[in-house]
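# Give me the fold of what follows.
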Amino acid sequence: MLETVASLPRKGWQWLTRMKTALVLLFLLSIAAIPGALLPQRSLNESKVLDYIKANGKTAEIFDRIGLFDVFSSPWFAAIYILLFVSLVGCILPRSWDHYKALRSTPPRAPKVLSRMPSYAVGDVEASPEVVKERLRKEFKGWQKGEYEPAEDRANQWSMSAEKGYLREFANLIFHLALVGLMIAVAAGRMVYYEGQVIVVAGTQQSQFCNSAVSNFDSFRNGPLFDGTGLNPYCVNVKDFTADYLPNGQATKFSSNIDYATGDTVYQDTRDWPKTQLRVNHPLRLNGDRVYLQGHGYAPTFTITWPNGEKRTETIQFRPDDPVNFLSSGAVRWDPPAGLYKDLLDRRQHQISLQGLFAPSAEFSGKNNALLMSNYPALRDPAVAIDIYRGDTGLDAGRSQNIFSLDPQQLHSGAMQKLDRVNLRQGQSVRLDDGTQISFDGAKEFANLQISHDPSVRWVLASALLMLVGLVGSLRIKRRRFWVRLIPIGDSGGTRVEIAGLSRTDSAGWGAEFNRRAERILGLGEEDLDEDLDSGNMDWNEKFGDGLDEALGERD
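Below is the predicted model of the structure:
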């Protein structure tokens, strides 16, 4: 019993380091990654995960318990990943050592009875054994071969063993080593990477972004070894955003003209900064970072005029809820100017805010044309449908808020009172009961930039290319083995040549290759063979002896 228990680790290691086990684990890893592609992930968008859970009830709660919304950081995914890594290493190291020993060794001696091999040919040639030996050495030049004297041969005759195609196993090892390298590069990259997103409103005071602090990002995620102080410093200024659409509203091209600066050029006038154009899938590369143009949307501009005449203009990005026609939702908050109210509490209770919809190409429908829709994604006829509130917005409460909506707790508690619901086209305004006026001035387009830093990208690319090279090599290179045995024929000076071959891999062209080499070894070139066949002078029994009906034949 104790011996059985003691042997379990050894048996477990043997099972884990089998190539079949590695293939099963690789299949499991691909299956485990499917939920990460089909379900929203917290690391990418937590709000979508919460919306999915609310919409799907118990099923989504079960998914959440087993980590399907955090697939790539879940313990079970990491367990499969680590087991696959250990399995591959355990498979590759012994195979690499065996391949090294095979490269340093000669092919095995010829079997005693060559005629039992799958491919076999025999013939008599009018040449001495020494001449045939030289022909063999020339025929198998570049092959790994061994020559055996009669005392070493199983049939007590001179023989040669030749083998080629060792690069097939080498290419196979390269493929698996590159796969291990790919896994190491991906794992190392996820430990030190960072990725952030920021919305930049083109052509405004909010058009510049500097990669100098984590707080400058709207959303940010990073690996466990990134401490937030290793950002590459540079600045990007988004000058404009251009989108081309088909008549049906389908986008055909996104582009954005930008200026950028690194190092000391940041302190120069922005007009002297280098210029470039960002396009989808054509990032700007700076100091190891990649700046992607990921998306876009609209930022409506509102101007509020307080009762004392002071004005404040805000351009705030709205979230595109309709990805086709860009009907968007968002919110704006204003603090009253200092001195307008007697104390801080009174001032907080008179904060003004609004939330609602924005349409770049407005279309009103429903009763009294009160329902706002968008019929095209381009900025043709902008309009907003907004609810206006007065009261404490909750910004001083210490709770984080969604920039695209007002605090629902403040709305439900009555801390914010709804004053009006209005639809405004560009240039229109609404006046509140205390004389405050809110006008809709139009909209700007914003660009969503993604800044990615992953030092392992080049290693991942190199590993992937090596995998491709190894895969092609393992599929293209054929491993095969030849044995040739020479038997002197009495006093005639001739030699009986026995040739056997074995394909170490499945190969559709093996039979033709064996026949061609056998023809050359027996001194019968392809041109001579064609002439003999055409003239009808080919007689295998006469040329190679009796009973040679299977000469140059292939046995299945």
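
# so Pro382 touches Leu372, yeah?
No - Pro382 is not in contact with Leu372 according to Cβ atoms under 8 Å; the separation is 10.8 Å. (C-beta placed from N, C-alpha, C; glycine too.)

# intersection of neighbour lists for these two?
Common neighbours of Pro382 and Leu372 (criterion: Cβ atoms under 8 Å, 6 or more residues apart in numbering): Ala359, Ala362.

# How is the chain partitioned into domains?
The chain breaks down by automatic domain parsing into domains covering 2-102, 107-165+479-554, 194-453.

# average model confidence for the first one?
Computed over domain 2-102, the mean pLDDT rounds to 82.

# Same question for the last one.
Per-residue pLDDT values across domain 194-453 average out to 88.

# In the stretch 201-350 of the chain, what residue spans correspond to strands?
With strands called from DSSP state E, counting those that start in this stretch, the stretch 201-350 of the chain shows them at 208-210, 219-222, 234-238, 242-245, 251-262, 275-279, 284-286, 289-305, 311-315, 319-320, 328-334.

# related to what we said a few turns ago, which one, of the domains of the chain, ends up nearest to Ala187?
Comparing the domains of the chain against Ala187 with Cβ to Cβ, the closest turns out to be domain 2-102 (7.6 Å).

# what's the spacing between the closest one and its chain's center?
18 Å (Cα atoms, centre = their mean, to the nearest Å).

# Also stretch 283-300?
Its chain's C-alpha centre and that of stretch 283-300 lie 19 Å apart, by Cα atoms, centre = their mean.

# So Gly295 sits against Phe446, correct?
No - counting by Cβ under 8 Å, Gly295 sits too far from Phe446 to count as a contact (9.1 Å).

# Look at these two and report which has more neighbours.
Higher neighbour count among Gly295 and Phe446: Phe446, with 26 against 16, using other Cβ atoms under 10 Å.

# Just put the strands of the stretch 201-350 of the chain in CSV and tack on distance to Gln41.
Listed next are the strands of the stretch 201-350 of the chain as CSV, based on distance: least, Cβ to Cβ, whole Å:
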stretch, distance to Gln41
strand 208-210, 25
strand 219-222, 11
strand 234-238, 27
strand 242-245, 28
strand 251-262, 24
strand 275-279, 26
strand 284-286, 26
strand 289-305, 16
strand 311-315, 31
strand 319-320, 19
strand 328-334, 23
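
# Can you tell me which of those strands is nearest to Phe72?
Per Cβ to Cβ, nearest to Phe72 of the strands of the stretch 201-350 of the chain: strand 219-222, 11.7 Å.

# That closest one pairs with which strands, and in what direction?
strand 194-201 (antiparallel) (DSSP bridges).

# what angle sits between the strand it pairs with and strand 251-262?
Using axes from the mean of the first three to the mean of the last three Cα atoms, to 10 degrees, the direction of strand 194-201 lies 110 degrees away from that of strand 251-262.

# Just the C-alphas of strand 194-201, formatted as PDB.
Output of strand 194-201 as PDB, limited to C-alpha atoms (Å, rounded to 0.1, in the frame of the first residue of the first chain):
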ATOM      1  CA  TYR A 194      -0.200  49.000 -18.300                       C
ATOM      2  CA  GLU A 195      -3.100  50.200 -20.500                       C
ATOM      3  CA  GLY A 196      -5.200  53.300 -20.100                       C
ATOM      4  CA  GLN A 197      -8.000  55.000 -22.000                       C
ATOM      5  CA  VAL A 198      -8.700  58.700 -22.200                       C
ATOM      6  CA  ILE A 199     -11.300  60.800 -24.000                       C
ATOM      7  CA  VAL A 200      -9.900  63.800 -25.700                       C
ATOM      8  CA  VAL A 201     -12.200  66.500 -27.100                       C
END
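
# quick check: angle from it to strand 234-238?
Using the same axes, to 10 degrees: strand 194-201 against strand 234-238 is 30 degrees.

# Might you report the residue contacts of Phe254?
Applying Cβ under 8 Å, 6+ apart, we find Phe254 in contact with Phe241, Thr242, Ala243, Arg279, Val280, Leu293, His296.

# Got a ChimeraX select line for the buried ones in those?
Selection of the buried residues among the contacts of Phe254 in ChimeraX, burial being defined by 16 or more other Cβ atoms under 10 Å:
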select :241,243,293,296
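
# from the contacts of Phe254, which single one is nearest Lys48?
Relative to Lys48, and with distances defined as Cβ to Cβ, the nearest of the contacts of Phe254 is His296, at 19.0 Å.

# Test my guess that the closest one contacts Ala243.
Yes - between His296 and Ala243 there is a contact at 6.5 Å, judged by Cβ under 8 Å.

# I'd guessed Ala443 sits against Thr301; true?
Yes - under the criterion of Cβ under 8 Å, Ala443 makes contact with Thr301 at 6.3 Å.

# Tell me who's in contact with the closest residue to Gln208 other than its chain neighbours.
Closest residue to Gln208 apart from its sequence neighbours, by Cβ to Cβ, 6 or more residues apart in numbering: Asn237 at 4.7 Å. Taking Cβ under 8 Å, 6+ apart, we find Asn237 in contact with Ser207, Gln208, Phe209, Ile258, Asp259, Tyr260, Thr270, Trp273.

# can you tell me how far Asn237 sits from Ala188?
Using Cβ to Cβ, to the nearest Å, we find Asn237 at a distance of 33 Å from Ala188.

# what's the answer for Arg135, then?
55 Å.

# and what of Pro35?
From Pro35 across to Ala188, the span is 24 Å (Cβ to Cβ).

# who wins for proximity to Ala464 among the domains of the chain?
Ala464 sits nearest to domain 2-102 of all the domains of the chain, at 15.2 Å, using Cβ to Cβ.

# Check the contact lists of His296 and Ala243 and give me the overlap.
By Cβ under 8 Å, 6+ apart, His296 and Ala243 have these common neighbours: Phe254, Glu445.

# neighbours around the residue lying closest to Asn325 once chain neighbours are set aside, how many?
For Asn325, ignoring the flanking residues on the chain, the nearest one in space by Cβ to Cβ, 6+ apart is Ser374 at 4.1 Å. Neighbours of Ser374 under the rule other Cβ under 10 Å: 27.
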